[in-house]
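Q: would you be able to build a 3D model of this:
(chains A and B)
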Amino acid sequence: GESVGLHLPTLSVQEGDNSIINCAYSNSASDYFIWYKQESGKGPQFIIDIRSNMDKRQGQRVTVLLNKTVKHLSLQIAATQPGDSAVYFCAAPNQFYFGTGTSLTVIP
Amino acid sequence: DGGITQSPKYLFRKEGQNVTLSCEQNLNHDAMYWYRQDPGQGLRLIYYSQIVNDFQKGDIAEGYSVSREKKESFPLTVTSAQKNPTAFYLCASSIGPSGWYNEQFFGPGTRLTVL
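A: The predicted structure is shown next:
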């Protein structure tokens, strides 16, 4: 499943499928990005980060892609699990920019 | 066990009262931040501090005040001048100042409700 951020703030996927969450940013000076996961009523947790001199970075089951030309980030979660259900948002912390987030629901 | 703590988890305030939200970190981080989170919106910066005894206003500082007397502590006071204080408040810290490649670590948050 795939979201388009502000235009589709919710994403539902079947357990085991891959998820893609998108984020657009506007400030071309942004040089460092973080994806956070936030469960209901809790503080955000770091998932993965990427600097602007990279276009891809991989972690455990997660990959972040950065396209500076169109100012777009995506977070890919492989083999999505029920524990992945949360709100995910991107951030450009050096500019104090935080996206509104996408709510991911994993259907068992 | 290192981290950021915020207290209380839930806070209720009557209109006209000032309240102070606590934020403590034992990560030895220089920078600390306060954000406000409202439904459907991204985090908005209230205040931040890069170093002890210094702090800067963020985008929505009106009606709030802070102090940074100790490296570990960055309390936020929500004053009666804040017209719409009901929100989820998040404190964060980073090892160095913003403008570097520093991850911001977040606390668990305080939900403030004005009655």
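
Q: which ones are touching residue B:50?
A: B:30-31, B:56, B:97-98 (Cβ atoms under 8 Å, 6 or more residues apart in numbering or on different chains). Just so you know, the C-beta spots here come from the backbone N, C-alpha and C atoms, and that holds for glycine as well.

Q: and what of residue A:26?
A: So residue A:26 contacts residue A:71 (Cβ under 8 Å, 6+ apart).

Q: that one belongs to a helix?
A: No. Read with DSSP: H, G, I helix; E, B strand; the rest coil, residue A:26 is coil and lies in no helix.

Q: for the residue sitting nearest the centre point of chain B, give the beta-bridge partners.
A: The centroid of chain B falls nearest to residue B:34 when counting by Cα atoms, centre = their mean (2.7 Å). Beta bridges link residue B:34 to residue B:47, residue B:91, judged by DSSP bridges.

Q: still on that earlier bit, neighbour-wise, which one of the contacts of residue B:50 leads?
A: residue B:31 (21 neighbours; other Cβ atoms under 10 Å in any protein chain shown).

Q: so how far is residue A:10 from the residue lying closest to that residue once chain neighbours are set aside?
A: Closest residue to residue B:31 apart from its sequence neighbours, by Cβ to Cβ, 6 or more residues apart in numbering or on different chains: residue B:94 at 4.6 Å. Counting by Cβ to Cβ, to the nearest Å, the gap between residue B:94 and residue A:10 amounts to 30 Å.

Q: more crowded one of the two?
A: residue B:94 (22 against 10).

Q: wait, isn't the residue nearest to the centre of chain B in contact with residue B:67?
A: No. Under the criterion of Cβ atoms under 8 Å, residue B:34 makes no contact with residue B:67, lying 11.5 Å away.

Q: any common contacting residues for those two?
A: residue B:74.

Q: show me what contacts residue B:9?
A: Counting by Cβ under 8 Å, 6+ apart, the residues that residue B:9 touches are B:108-111.
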